[in-house]
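Enquirer: just a sequence and a predicted model for now, questions to come.
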Amino acid sequence: MLTEFLRDQCFTTAWFGLMAFVWFGWAQEDPPKSWRVWLGAGSVLGAGLAVAFGVLTATNWDQPSALEGKYAWFGVLVAAEAVAAGAGCFLLARRGKNQWMAWWVAVVVAAHFLPLALLLHDIGVAVVGVVQLVALGVVAPRLRGTTTSSSRAAGPIMGATLLLSAAIGALLAAPGL
């Protein structure tokens, strides 16, 4: 997003587009009827950015990356994220709180953007994570006491912030392409 590394810019844009597609998809688990077309449109836009910038990532693969020499730490961070998300969902399921799973996974994903920003030398990634954490904190009280899936709230938050970030990333990458 705000990196000097073109390859990382393209990859982050592609990844955020793909993840916007995923989160908008998860939000379609139980949306209000009036949201469906918007969630679908967000998914399509996210997929389009993922494909376009996936190709641009591949064509710029010879460019330097902030992750050079840090791929092991990147792997550790992703593994820790997966373990935290999985363990939290396991505990939620054991407690009969399945409706909180999407919210929990969203919190883990947003929190992992903070150390990821350090690895990528990209403050923009941290800003996305902070915005997501604040928004997820704001909706949490409304989710208490309900049996409605938290994907209804977490999916649009994550999808919209990731899609907006991917769009900004695309605009920032354009001059270097």
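Expert: Now that the structure is in, tell me what you want to look at. Note that this is a predicted model, so its numbers are computed, not measured.

Enquirer: which SS state does L119 fall under?
Expert: helix (DSSP: H, G, I helix; E, B strand; the rest coil).

Enquirer: any weak-confidence spans in this protein?
Expert: For the chain, the stretches flagged by pLDDT under 70 are 1.

Enquirer: how about the helices in it?
Expert: In the chain, helices defined by DSSP state H lie at 6-27, 36-59, 71-94, 101-120, 123-143, 151-173, listed in chain order.

Enquirer: among the ones you listed, which is the most enclosed?
Expert: Looking across the helices of the chain with neighbours counted as mean count of other Cβ atoms under 10 Å, the highest average goes to helix 6-27: a mean of 24. For every residue, glycine as well, the C-beta is placed using N, CA and C.

Enquirer: what angle separates that helix from helix 123-143?
Expert: If you take axes from the mean of the first three to the mean of the last three Cα atoms, to 10 degrees, helix 6-27 sits at 10 degrees to helix 123-143.

Enquirer: just want the angle from helix 6-27 to helix 101-120.
Expert: 180 degrees.

Enquirer: helix 6-27 - contacts with which helices or strands?
Expert: Counting contacts by 3 or more Cβ pairs under 8 Å, 6 or more residues apart in numbering; DSSP states H and E, helix 6-27 packs against helix 36-59, helix 101-120, helix 151-173.

Enquirer: of all those, which one comes closest to M19?
Expert: If you check each of the helices and strands packed on helix 6-27 against M19 by Cβ to Cβ, helix 151-173 wins as the nearest, at 5.0 Å.

Enquirer: counting by contacts, list what the closest one packs against.
Expert: Checking 3+ Cβ pairs under 8 Å, 6+ apart, helix 151-173 ends up next to helix 6-27, helix 36-59, helix 101-120, helix 123-143.

Enquirer: angle of the third one against helix 71-94?
Expert: Okay, so that is helix 101-120. Going by the same axes, to 10 degrees, helix 101-120 makes 170 degrees with helix 71-94.

Enquirer: any idea how far helix 101-120 is from the chain center?
Expert: Centroid separation for helix 101-120 versus its chain: 8 Å, with Cα atoms, centre = their mean, to the nearest Å.

Enquirer: only C-alpha atoms, please: export that helix in CSV.
Expert: Output in CSV follows, covering the C-alpha atoms of helix 101-120 (Å, rounded to 0.1, in the frame of the first residue of the first chain):
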residue,chain,number,x,y,z
MET,A,101,-16.3,-17.3,14.8
ALA,A,102,-16.3,-14.8,11.9
TRP,A,103,-15.7,-12.0,14.3
TRP,A,104,-12.8,-13.8,16.0
VAL,A,105,-11.1,-14.7,12.7
ALA,A,106,-11.5,-11.0,11.7
VAL,A,107,-9.9,-9.8,14.9
VAL,A,108,-6.9,-12.2,14.4
VAL,A,109,-6.5,-11.2,10.8
ALA,A,110,-6.6,-7.5,11.6
ALA,A,111,-4.2,-7.9,14.5
HIS,A,112,-1.7,-9.8,12.3
PHE,A,113,-1.5,-6.8,10.0
LEU,A,114,0.4,-4.9,12.7
PRO,A,115,3.5,-7.1,12.7
LEU,A,116,3.1,-7.7,9.0
ALA,A,117,3.4,-4.0,8.4
LEU,A,118,6.8,-4.1,10.1
LEU,A,119,8.0,-7.0,7.9
LEU,A,120,6.8,-5.2,4.8
